[in-house]
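S.K.: Got a sequence here, can you build the structure:
(one chain, ligands or ions: 1)
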Amino acid sequence: MTTVQYVPGLENVIAAESRISAIDVEAHSIVVMGYDLSEVSLKASYEEVAHLLLFGHLPNELELRNFSRQLEDNRSLPREVYDWLRLMPSSIKPMDQLRIAIPMLAVFDPEVEDNSHEANIRKATRLIAKLPILIAHGYRIARGRELVSPDPSLPHAQNFLYMITGKKANDFEGKVFETSMNLYVEHELAASTFAARVVASTFCDIYGAAAAAVSALKGPLHGRANEKAMEMLLQIGQVDNSERWIRASLERSERIMGFGHRVYRRGLDPRADIMKGFLKDLGERIGQTKWYEMTVRIEELMRNERNLYPNVDYYVGPVYYLLGIPIELDTAVFAAARMAGWAAHAIEQHGNNRIFRPRALYTGLRGLRYTPLEQRS
Ligand SMILES: CC(C)(COP(=O)(O)OP(=O)(O)OC[C@H]1O[C@@H](n2cnc3c(N)ncnc32)[C@H](O)[C@@H]1OP(=O)(O)O)[C@@H](O)C(=O)NCCC(=O)NCCS
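M.R.: Alright, predicted model coming up:
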């Protein structure tokens, strides 16, 4: 056997060839299908970005109309999924609803076993359309609130926000939310995307890849950092309390959620820049500037003390809070946005596949002899 070096956490290991996205740390940019995500996130609709990921190009007017129509037509769930949502305890968490309900959606998809490129695109479109319904309705059912039906006049992101909050956002708030979804849509081989590709590499269907990805995203080191960052800010409570709170937390060797990143390491995540600007603007518009002041103060402290920079989740947490999104939905919203990226990767994996099957460096014992049960102490 050829020996290869063991790299914990596969840091800097190239594990796949991909035409979907690249992180260019030096240029401070994320390239998605050839475009700079920072620019596209601000200028394009979520539908355009999702189309770019699934079809490899930005849609023309007709393509966009058709794609948007398909998303609208799929804004529904099977009755059995609603029945199941109602049977679950009210304490169920949105990410647990998602990781159970995605395989349920597979059961009701007649194309589940068809892994052809065309069927994969259709299934991906259905998943992108249905995840927001699942999240918004699942949350409202669990918390005993009335369901908000999708509004066909609203675009994908704005409708999602409306179904969560029950209120029509103004244009600026809608734009902020849509941009956040665009920024979340794709980020190379993050743990969840890698999980999706590993599952797809067995030729399991796209629903299986999405369920694996959702489970990976649930962890606080990955997607749940947005919820954790906002919970931290609420605990700190006041701007003047920030320094004392963070120092005490660092002294206890705790991680400050929303800081650090495997790829950016010692530099700012370009997505965080954009969300930071929105936090400032949104706070000023609604007269709640303390979250921005607090985040900036902590950012400075973390840079000076630990040379650590915020990632996108650090600023998304308070932005979603100001938009009226319940904190416990933050990671699920991230999942709904990333669905297009996961799908693009699963489809790419199916199109040029070799099963993932790495090796482990065995550090256990050898040569032990079996002892019968009655002789064991
Ligand atoms: C993102 C993350 C998982 C990357 O992990 P990683 O690449 O394995 O980095 P490491 O865990 O090796 O961290 C390197 C060093 O920075 C420190 N560090 C990293 N993130 C930190 C954080 N958020 N708070 C405090 N210290 C942190 C580690 O303790 C470690 O210090 P050491 O070398 O003295 O032991 C990590 O930075 C983290 O846990 N961040 C908080 C969760 C988060 O925001 N996740 C969202 C990512 S988009």
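S.K.: helices or strands up against the one helix or strand residue 48 maps to?
M.R.: Following DSSP states H and E, one finds residue 48 within helix 46-55. Counting contacts by 3 or more Cβ pairs under 8 Å, 6 or more residues apart in numbering; DSSP states H and E, the secondary-structure elements packed against helix 46-55 are strand 29-32, helix 37-43, helix 61-73, helix 117-142, helix 156-165, helix 171-184, helix 330-351. (C-beta placed from N, C-alpha, C; glycine too.)
S.K.: what's the residue in the chain that the ligand sits nearest to sitting at in phi/psi?
M.R.: Going by Cβ to the nearest ligand atom, the ligand is nearest to residue 260 of the chain, at 2.3 Å. When read as degrees, to the nearest 10, the backbone of residue 260 gives phi 90, psi 160.
S.K.: Just give the number of residues close to the closest residue to it other than its chain neighbours.
M.R.: Spatial nearest neighbour of residue 260, excluding adjacent residues (Cβ to Cβ, 6 or more residues apart in numbering): residue 308 at 5.1 Å. Burial of residue 308 is recorded as 20 neighbouring residues (other Cβ atoms under 10 Å).
S.K.: Please list all residues in contact with residue 308.
M.R.: 256, 259-260, 302 (Cβ atoms under 8 Å, 6 or more residues apart in numbering).
S.K.: Out of the residues you listed, name the ones that lie in strands.
M.R.: Of these, none are assigned to strands by DSSP state E.
S.K.: pLDDT score assigned to residue 3?
M.R.: pLDDT for residue 3: 63.
S.K.: An error on my part: the question was meant for residue 377.
M.R.: For residue 377, pLDDT reads 89.
S.K.: From residue 200, how far off is it?
M.R.: Distance, residue 377 to residue 200, by Cβ to Cβ, to the nearest Å: 47 Å.
S.K.: Please apply the same query to residue 182.
M.R.: Residue 182 is 23 Å from residue 200, by Cβ to Cβ.
S.K.: cool, residue 37 as well?
M.R.: 23 Å.
S.K.: again with residue 77
M.R.: Residue 77 is 24 Å from residue 200, by Cβ to Cβ.
S.K.: Those two - which one has more neighbours?
M.R.: Higher neighbour count among residue 77 and residue 200: residue 200, with 30 against 19, using other Cβ under 10 Å.
S.K.: List the contacts of the more buried one.
M.R.: Per Cβ under 8 Å, 6+ apart, neighbours of residue 200: 206, 208-209, 345-347, 349-350, 353.
S.K.: and what of residue 145?
M.R.: Applying Cβ under 8 Å, 6+ apart, the residues contacting residue 145 are 139, 166.
S.K.: Give me the phi and psi for it.
M.R.: phi -100, psi 160.
S.K.: what about the closest residue to residue 158 other than its chain neighbours, neighbour count?
M.R.: Among residues not flanking residue 158 along the chain, residue 174 sits closest, at 4.3 Å (Cβ to Cβ, 6+ apart). The number of residues packed near residue 174 is 19, by other Cβ under 10 Å.
S.K.: residues in contact with residue 174?
M.R.: Here residue 174 is in contact with 157-158, 161 (Cβ under 8 Å, 6+ apart).
S.K.: Kindly supply the PyMOL command isolating those of those residues that are buried.
M.R.: In PyMOL, this line selects whichever of the contacts of residue 174 come out buried by 16 or more other Cβ atoms under 10 Å:
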select buried, resi 157+158+161
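S.K.: and the contacts of residue 174 near the ligand, which?
M.R.: When Cβ under 6 Å from any ligand atom is applied, no member of the contacts of residue 174 is adjacent to the ligand.
S.K.: With pLDDT as extra columns, can I get the contacts of residue 174 in a markdown table?
M.R.: Shown next, in a markdown table, are the contacts of residue 174 (pLDDT from 0 to 100):
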| residue | pLDDT |
| --- | --- |
| 157 | 98 |
| 158 | 98 |
| 161 | 98 |
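S.K.: and which of the contacts of residue 174 is nearest residue 264?
M.R.: residue 157 (25.3 Å; Cβ to Cβ).
S.K.: That closest one reaches residue 173, doesn't it?
M.R.: No. Using Cβ atoms under 8 Å, residue 157 is not in contact with residue 173; the gap is 10.7 Å.
S.K.: Can you name the residues of the stretch 151-300 of the chain sitting close to the ligand?
M.R.: 221-222, 225, 255-262.
S.K.: Give the PyMOL command for selecting the buried subset of these.
M.R.: A single PyMOL command selects the buried members of these (16+ other Cβ under 10 Å):
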select buried, resi 222+225+256+257+258+259+260+261
